[in-house]
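Novice: Output the structure for:
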Amino acid sequence: MPELPEVETTRLSIAERLQGARIERIEVGKALRWPLGVAPEALLQRCVRGVRRRGKYLLLDLDHGLLLVHLGMSGSLRLAAAMPPRGPHDHFDLHTSLGVLRLHDPRRFGAVVYAEGESDPVARKLLGKLGVEPLSGAFEPEAFYAALRQRRASIKQVLLAGAVVVGVGNIYACEALFVAGIRPTAVAARLSRARVQRLHAAIVQVLQQALQAGGSSLRNYSNADGQSGHFQLQTQVYDRAGEPCRACGRPIRLLRQAQRSSYYCAQCQKA
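Specialist: Got it, this is the predicted structure:
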């Protein structure tokens with residue numbers, strides 16, 4: 001599933017190229033997770049003023065309203081001067097004066113949704129409960145510690161929920177917990193201030209490393225230029241069950257938490 005680094009990498013690959021683009025035509029394929037919410041022809045001649053990211057959502061700011069784009073489980077965006085005919089997994093084409101932006105999504109859990117603004121109920125429903133951005137100045141260690149003190153679930157589940165800090169998906173939660181030396185099953189509220197500070201630093205470190213590597217390409221992900229990410233080649237624990245830990249040599253273990261795979265080293269992450 002595209003996580004924060006993949007979505008941010010996608011944003012960086014389209015933001016400047018779409019700046020000032022005028023919408024000329026919209027083609028909608030099979031139904032996605034949520035409907036567009038407006039007749040496509042109502043968006044014609046509107047201009048793209050910028051492209052932002054909030055959690056795992058891309059926000060295309062128009063001169064009136066905005067489009068919220070989610071890549072779902074298997075989605076990717078491609079931007080080119082022209083596109084070949086749409087295939088069975090190409091579900092949304094935004095034809096603009098500066099190129100065509102296409103959403104390709106084999107599993108159709110992605111979506112493109114129109115909202116009048118961020119105060120629109122549609123946008124509030126999707127964005128309103130998202131936590132702090134981990135790569136922003138608002139992500140402070142002490143506030144992170146205070147928020148975790150209120151959570152009785154495992155730290156891995158808290159990170160994935162996105163209400164405390166947004167965008168730390170499964171890959172990067174596993175990696176950050178390893179760097180911090182914290183087991184995925186540790187209860188969030190019981191973590192000491194010192195351990196939370198280590199986790200805070202680890203989240204920032206891992207996400208920055210992933211951005212530098214262009215994200216992770218495990219299945220379908222590529223950026224808007226068709227380039228794959230490479231972070232999966234340097235993971236410490238994720239998807240390495242049974243392989244030796246790069247730090248201590250013990251086998252990496254796998255457990256299931258809320259139907260998600262958690263990878264960890266029992267020696268390096270003792271509690």
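Novice: which residues in the stretch 151-271 of the chain form strands?
Specialist: Counting by DSSP state E, counting those that start in this stretch, the stretch 151-271 of the chain has strands at residues 253-257, 260-264.
Novice: Given the last one, what are its sheet partners and their directions?
Specialist: Sheet neighbours of strand 260-264, with direction, are listed as strand 253-257 (antiparallel) (DSSP bridges).
Novice: Can you give the contact residues for the strand it pairs with?
Specialist: 154, 156-157, 184-185, 241-242, 261-266 (C-beta atoms under 8 Å, 6 or more residues apart in numbering). Yep, even glycine has a C-beta here, placed from its N, CA and C like the rest.
Novice: How many residues are close by the spatially closest residue to residue 51 that is not a sequence neighbour?
Specialist: Take residue 51 and drop its neighbours on the chain: the residue closest to it by C-beta to C-beta, 6 or more residues apart in numbering is residue 15, 4.1 Å away. For residue 15, the tally of surrounding residues (other C-beta atoms under 10 Å) stands at 17.
Novice: What's the separation between residue 15 and residue 58?
Specialist: 9 Å (C-beta to C-beta, to the nearest Å).
Novice: any common contacting residues for those two?
Specialist: Joint contacts of residue 15 and residue 58 (C-beta under 8 Å, 6+ apart) are residue 51.
Novice: Confirm that residue 103 sits in a strand.
Specialist: Yes: under DSSP: H, G, I helix; E, B strand; the rest coil, residue 103 falls within a strand.
Novice: Give me the neighbour count for residue 250.
Specialist: Applying other C-beta under 10 Å, I find that residue 250 has 12 neighbouring residues.
Novice: now swap in residue 4 and tell me
Specialist: Number of residues near residue 4 (other C-beta under 10 Å) recorded here: 24.
Novice: I'd like to know how many residues surround the residue lying closest to it once chain neighbours are set aside.
Specialist: Closest residue in space to residue 4, ignoring its immediate chain neighbours: residue 167 at 3.1 Å, by C-beta to C-beta, 6+ apart. Taking other C-beta under 10 Å as the criterion, the count of residues near residue 167 is 26.
Novice: Now do the same contact list for residue 167.
Specialist: 3, 4, 7, 55, 56, 133, 134, 207.
Novice: Which single one of those residues is nearest to residue 199?
Specialist: Using C-beta to C-beta, residue 134 comes nearest to residue 199 of these, at 10.9 Å.
Novice: distance of that closest one from residue 165?
Specialist: On the measure of C-beta to C-beta, residue 134 and residue 165 end up 5 Å apart.
Novice: cool, and residue 53?
Specialist: 15 Å.
Novice: Can you give me the separation between the closest residue to residue 163 other than its chain neighbours and residue 162?
Specialist: If you skip the residues right next to it in sequence, residue 163 has residue 131 as its closest partner in space, 5.1 Å away by C-beta to C-beta, 6+ apart. Distance from residue 131 to residue 162, counting by C-beta to C-beta: 6 Å.
Novice: neighbour count winner among these two?
Specialist: Neighbour totals were compared for residue 131 and residue 162, and residue 131 leads with 20 against 17 (other C-beta under 10 Å).
Novice: all helices of the stretch 51-200 of the chain, in order?
Specialist: 121-127, 141-148, 155-161, 170-180, 193-212 (DSSP state H, counting those that start in this stretch).
Novice: export those helices to CSV and tack on distance to residue 48 and mean neighbour count?
Specialist: Below are these laid out as CSV (distance: least, C-beta to C-beta, whole Å; neighbours: other C-beta atoms under 10 Å):
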stretch, distance to residue 48, mean neighbour count
helix 121-127, 17, 16
helix 141-148, 34, 17
helix 155-161, 31, 23
helix 170-180, 29, 25
helix 193-212, 23, 18
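Novice: would CSV of these with distance to residue 80 and mean pLDDT be doable?
Specialist: Formatted as CSV, the helices of the stretch 51-200 of the chain follow (distance: least, C-beta to C-beta, whole Å; pLDDT from 0 to 100):
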stretch, distance to residue 80, mean pLDDT
helix 121-127, 27, 96
helix 141-148, 40, 98
helix 155-161, 34, 97
helix 170-180, 28, 95
helix 193-212, 23, 95
